[in-house]
Structures are given as structure tokens and as C-alpha cells.
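K.L.:
The following comprises the amino acid sequence and a computationally predicted model.
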Amino acid sequence: MTEPGYFHLHLVSDSTGETLITVARAAAAQYANVSPVEHLYPMVRSKKQLDLAVAEITEAPGLVLYTLLEEDLIQILEDKCRELGLPCMSVLGPILRVFQSYLGAETTHRVGAQHVLNAEYFQRIEALNYTMFHDDGQHVEGLGEADVVLIGVSRTSKTPTSIYLANRGVKTGNVPLVPGVPLAPQVEALTRPLVIGLFASPERIVQIRENRLLGLNAHRDDDQYIDKSAVAEEVAYSRRLCAKHNWPSIDVTRRSIEETAAAVMKLLAERRRHLVR
């Protein structure tokens, strides 16, 4: 440990390090009283590159996680950590052993294999382009081509959820519900995309809106934007609208973007299974 509440976390990868970061942060999040000081070493594919990482690990001892496939590099790293008395673990190793045991086949040892430019990769890029083009109620005439359309009042995380879904290959549009502005008829007429309403408690929305105005050092003459009663009516209207069209809705009050996106993906999978039957 460095000082109370902090520890060094060394992440050594022969690729981009995205897998390591995701796993490490998911684990670290379970410990509320300590925070990692992250040291990321991506694209480590030679002894010279590994030596630079080892030098920093020696200078700032801590927990070491890695995703290396080259046996020689693994041996050097593990030997050094053993010498320093530091915990060192392969994030992919145990998983690969399970795969190998079940499939009865050796791994290909392809570095960065998950980043190959395949059809799935280009699907994600297409989805991201579509989502950015149809953000915040833009180009509603093209929403019929979406997989998912999110609707909701201001500050219900429509845009970040849409972008997260796009990175999963889901073409997503989002449409804001603005007081006094009727929903575009093109949206109400949608049949192909799954339309989902996002809502939150009025208290939560008011809190987010106030923080946003403070962060922007902005002022709105229309105090209805942060008036709890007015916001409660906005939320009630959005829920009535979803009920009218039989659109599912998700309460995002206490959900992270990832959790909201997971709920959307589940609804989308259920809908697709229903359509196949």
C-alpha cells in the first residue's frame, strides 16, 4: 500500500489494455475505502518494453495484473514480481485454461485478436455513425432504420446510453420529450424499432439539471426546468405516453449507463426472440 486509501495497480498488456482496465476497475470498485493508482503499460511485446514496465513496478510496488501471451515475457514478469514479493496474476490465463479444457484445443496466441477488423467491428462503426446522426431528436425521418429508439425528458441519460449501445453494434436513436412540444408523428408511428422510455424520479432529475446549470455557469429564465412540480408532470407525461403506445420503460434513477444499456439489450433480445416465433 502507498498511503491509507490508495494502492498501486500495474496493468501490463500486449494489446490496448482495454480488457485489463475493465476487469481491474470492476474488481477495485468492490472496495469502497481504497482507490487504485493505475499504471497502464499497453502494447508490451518485447523484453525492452517489458523492462520499462518492470522498472516502474520496482519503483512503485503494488498489485500486478497482465494479459500477455508470450511465455518468455510472462516468465520475466512473474519472476520479477516473485522477487519483489508482489502479487502477479494473468487475467486471461484461467479463462483460457477453461476454454482449452472444454474445447480440447490450444489457443492461437494471437495478440489483440479481439480487435480484428471483422464484420462485427464495422457493424459497431456503422451503428455509432447512425447514433450520432440521430442524437437528440435529429433526423426523425430516419428512425425507422434504428434497432432501438430511446425517448425521455431532459437529463435521463439518453445520449450516453445511446452511444454505449452503439458501441455494442445497436443502431440507436434518441428523442427528447420537451414540455409544450408534441412528439413528432414519425416517432409515434414507429413499428420496426424497439421504442423504450427512460424516466427517473423528479428529485433526481432536478438535482442533475441544477448541477448542469451550475457547471455551465448558466441561468434559465424558465424556472420550470428545475421546478419539482413541473418536472414531476414531465415524468408523468412520459410515462403516460409509453403506456399509450405500449412502449416499455426503464427507471434510470439509480442505474449506471451500463446497467441501463444492459436492460435495453435484454428487452431487445426478448423482442427479437418473440418476432422469430
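P.N.:
Good, I have the coordinates.
K.L.:
This protein: helices as residue ranges?
P.N.:
For the chain, the helices defined by DSSP state H occupy 18-28, 47-59, 71-84, 93-103, 119-133, 158-166, 185-188, 202-216, 228-245, 257-276.
K.L.:
Looking only at the second one, what residues are buried by neighbour count?
P.N.:
Within helix 47-59, the residues that count as buried by 16 or more other Cβ atoms under 10 Å are Q49, L50, A53, V54, I57. C-beta: built from backbone N, CA, C; applies to glycine.
K.L.:
what's the spacing between the fourth one and R25?
P.N.:
This points to V54. As judged by Cβ to Cβ, to the nearest Å, V54 and R25 stand 23 Å apart.
K.L.:
do the same with L214
P.N.:
According to Cβ to Cβ, L214 and R25 sit 28 Å apart.
K.L.:
Those two - which one has more neighbours?
P.N.:
R25 (13 against 9; other Cβ atoms under 10 Å).
K.L.:
where does the nearest residue to the more buried one once chain neighbours are set aside land on pLDDT?
P.N.:
Closest residue to R25 apart from its sequence neighbours, by Cβ to Cβ, 6 or more residues apart in numbering: P36 at 8.0 Å. The score at P36 is 93. That number is its pLDDT.
K.L.:
ok, P36 - how many residues close by?
P.N.:
20.
K.L.:
cool, V140 as well?
P.N.:
17.
K.L.:
I'd guessed it sits against P176; true?
P.N.:
No. The criterion here is Cβ atoms under 8 Å, and V140 misses it with P176 at 11.2 Å.
K.L.:
What distance do you get for T58 to L268?
P.N.:
From T58 to L268 the distance is 48 Å (Cβ to Cβ).
K.L.:
wait, G152
P.N.:
Relative to L268, G152 is positioned 17 Å away (criterion: Cβ to Cβ).
K.L.:
Tell me which of these two has more neighbours.
P.N.:
Set G152 next to L268 and count neighbours by other Cβ under 10 Å: G152 wins out with 27 against 18.
K.L.:
That one bridge partners, please.
P.N.:
P176 (DSSP bridges).
K.L.:
List the contacts of it.
P.N.:
Contacts for G152 (Cβ atoms under 8 Å, 6 or more residues apart in numbering) come out as K158, N174, P176, L177, G197, L198, F199, S238.
K.L.:
Not counting its neighbours along the chain, what's nearest R204?
P.N.:
Nearest-residue entry for R204: T253, 4.9 Å, with adjacent residues in sequence omitted and distances by Cβ to Cβ, 6+ apart.
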